[in-house]
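Student: Structural data only, the sequence is not supplied:
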């Protein structure tokens, strides 16, 4: 519950208190400190950016979470090719008052040099202008001429006396740009809402009467910058599909048109088809005989029929339309879903509002974070996105850097027939890696976690004869088995040449993430505090062979800025 101080005659005094309770989902506006756990409370802003202490706030060892404030959506991640640092922003529940208009969120900021260890920086973007005086919602970052440019949706409403209201006095959302204040600062700690891009000055807001959630921009063959936004072609939602916006120079923007053949939802994204899932390459020929390989991925966050919000992705062929604004020859483009593919859940657990970015280091990869909808909020583990042509769907696997966090082997087992429960040593911050031989009969495999939670695979045999992929004219038919984590469930596709069942389960204080078959299905769930946990159990209703089980203790990802700057990069 949010406890506000009693009002007094002084605007300053009425927001100064000595209570030490957090702000929770209500977001901190008047309840901030300048030191962690400080007892003196001030109005929030750059001088006092930390949320008031909450004694019940969960802490995590290897998940990103703000040290003092609650959080939600990940925002604008990017890799900076100049200073060779990763940046990740997030919706932080803090805001300036702005004459009563401010209610947040704003943008928090983390950096990393190795994509393993992260340092928290001060709030990057505050709600301090008339066009964003209420909040800074979810946006994206695009590398333009080698430099990062943030596009964010500012939300405005009536503030103090004499304060202009955006959108001709109607309030709502605008799109605005921000660039690093000091390009030579490797951390990009400060961001400016004035500046230029490639020598072209921009004036905020660059677009009025928008919705929120502008995506990372891409450049068409005509040289036009484009992005997709959650506007549905009317202010703050409505109907008619998501909107495509365009720009010739990234400084001045316009509406190009609407896409009605795509899923319409929050945090939309369009990006080129990522790399193939390792081990799936032999399916390409059969895929191509059945349907052309997709060129792009579309992701959106939307409400299902039960009223829950979920992220879904599709694969298909995207073709940009003609350049220019709507009504002046510009057309949005065309989207055709790949034949035989269906929209899939990104994570059907407590995860939402995913944000992806392209990591150009190494072989290049697409990485996605999601908001873990737990108490206080976290970001899920970063996941590499790949495409499995045999399944005609995406795979979301923990990034390879997670292996570097393994600090010790807590327990292991191999070639063990499992029927009665097998106990493995574990801890509150660990990873379980399990590989089972493909079961010869139907069975329910269960990894029993503390406090009654469990990871399950309800394995069933295929209902159609299995055919060899070699020489097949079409793709083999996958069969689905049900998997679950903590009450959340999804359907896991299996193929004839799958000889084993694999799981990776990550436990971190108050959260569990489970990845089945290398990330064909990923689920996130909250847990009761795992403090004091010493073991987990593996059981099955029919005999199955556990080929390998290893439990690893996991290290801490949180470091200070100096350590980030002195660590080696990717």
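Tutor: Ah, there it is. If you're wondering where the values come from, they're calculated on a predicted model, not measured in any experiment.
Student: Show me the domain layout of this structure.
Tutor: 1-56, 409-554 (automatic domain parsing).
Student: export those to JSON lines and tack on distance to residue 377, mean pLDDT and mean neighbour count?
Tutor: For every residue, glycine as well, the C-beta is placed using N, CA and C. Shown next, in JSON lines, are those (distance: least, Cβ to Cβ, whole Å; pLDDT from 0 to 100; neighbours: other Cβ atoms under 10 Å):
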{"stretch": "domain 1-56", "distance to residue 377": "9", "mean pLDDT": "64", "mean neighbour count": "16"}
{"stretch": "domain 409-554", "distance to residue 377": "11", "mean pLDDT": "92", "mean neighbour count": "18"}
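Student: In CSV: those domains, plus distance to residue 63.
Tutor: As requested, those are arranged in CSV below (distance: least, Cβ to Cβ, whole Å):
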stretch, distance to residue 63
domain 1-56, 17
domain 409-554, 5
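Student: between those, which one is nearest to residue 254?
Tutor: With Cβ to Cβ as the measure, domain 1-56 is the member of those nearest residue 254 (32.7 Å).
Student: Now do the same for the residue nearest to residue 186 when sequence neighbours are not counted: helix, strand or coil?
Tutor: Nearest non-adjacent residue to residue 186, counting by Cβ to Cβ, 6 or more residues apart in numbering: residue 83, 3.7 Å away. Taken by DSSP: H, G, I helix; E, B strand; the rest coil, the conformation at residue 83 corresponds to coil.
Student: doesn't residue 183 make contact with residue 83?
Tutor: No. The pair residue 83 / residue 183 is not scored as a contact, 9.3 Å apart, by Cβ atoms under 8 Å.
Student: list the buried ones in stretch 278-285?
Tutor: Residues 280, 283 are the ones in stretch 278-285 that count as buried (16 or more other Cβ atoms under 10 Å).
Student: Give me the distance between it and the centre of its chain.
Tutor: Taking Cα atoms, centre = their mean, to the nearest Å, the mean C-alpha location of stretch 278-285 is offset from the chain mean by 27 Å.
Student: gap between the two ends of that stretch?
Tutor: Start and end residues of stretch 278-285 are separated by 16 Å (Cα to Cα, to the nearest Å).
Student: go on, stretch 393-408?
Tutor: Start-to-end span of stretch 393-408 (Cα to Cα) is 34 Å.
Student: what's in contact with it?
Tutor: Applying Cβ atoms under 8 Å, 6 or more residues apart in numbering, the contact partners of stretch 393-408 are 62, 114-116, 274, 277, 297, 313, 315, 341-342, 344, 346-347, 365, 367-368, 381-388, 431, 493, 504, 506, 513, 515, 518-520, 522, 552-555, 557.
Student: Which of those fall within helices?
Tutor: Assigned to helices by DSSP state H, none of the contacts of stretch 393-408 qualify.
Student: quick one: the strands in the stretch 1-150 of the chain?
Tutor: Ranges of strands in the stretch 1-150 of the chain, per DSSP state E, counting those that start in this stretch, are 32-33, 50-51, 71-80, 85-92, 106-112, 119-125, 135-136, 140-144, 147-156.
Student: Packing partners of the second one?
Tutor: Looking back up the chat, that one is strand 50-51. strand 32-33 (3 or more Cβ pairs under 8 Å, 6 or more residues apart in numbering; DSSP states H and E).
Student: for the strand it packs on, packing partners?
Tutor: Judged by 3+ Cβ pairs under 8 Å, 6+ apart, strand 32-33 is in contact with strand 50-51.
Student: Give the partner strands of the strand it packs on in its sheet and their orientations.
Tutor: Here strand 50-51 is paired, per DSSP bridges, with strand 32-33 (antiparallel).
Student: so how far is residue 344 from the nearest residue to residue 298 once chain neighbours are set aside?
Tutor: Closest residue to residue 298 apart from its sequence neighbours, by Cβ to Cβ, 6+ apart: residue 314 at 4.9 Å. Distance of residue 314 to residue 344, computed by Cβ to Cβ, to the nearest Å: 8 Å.
Student: ditto for residue 555
Tutor: 32 Å.
Student: And residue 68, by the same measure?
Tutor: Distance, residue 68 to residue 344, by Cβ to Cβ: 36 Å.
Student: wait, which of the strands of the stretch 1-150 of the chain is closest to residue 57?
Tutor: Closest approach to residue 57 among these (Cβ to Cβ): strand 50-51, 8.9 Å.
Student: Show me what the closest one is in contact with.
Tutor: The list of residues contacting strand 50-51 from outside it, by Cβ under 8 Å, 6+ apart, reads 22-23, 28, 31-36, 38, 44, 66-70, 93-94.
Student: Run through who's touching the helix or strand hosting residue 482.
Tutor: Here residue 482, judged by DSSP states H and E, is contained in strand 479-485. The contact list for strand 479-485, computed with Cβ under 8 Å, 6+ apart, reads 349, 453-460, 462-464, 489-494, 512-514, 516, 521, 523-525.
Student: ok, 6 Å please
Tutor: Contact with strand 479-485 is made by 455-460, 462, 489, 491-494, 514, 516, 521, 523, 525, as judged by Cβ atoms under 6 Å, 6 or more residues apart in numbering.
Student: Report the beta-bridge partner residues of residue 109.
Tutor: For residue 109, the beta-bridge partners are residue 89, residue 121 (DSSP bridges).
Student: Report the separation between it and residue 37.
Tutor: Separation of residue 109 from residue 37 (Cβ to Cβ) stands at 21 Å.
Student: Same question for residue 117.
Tutor: 24 Å.
Student: Alright, that wraps it up for me.
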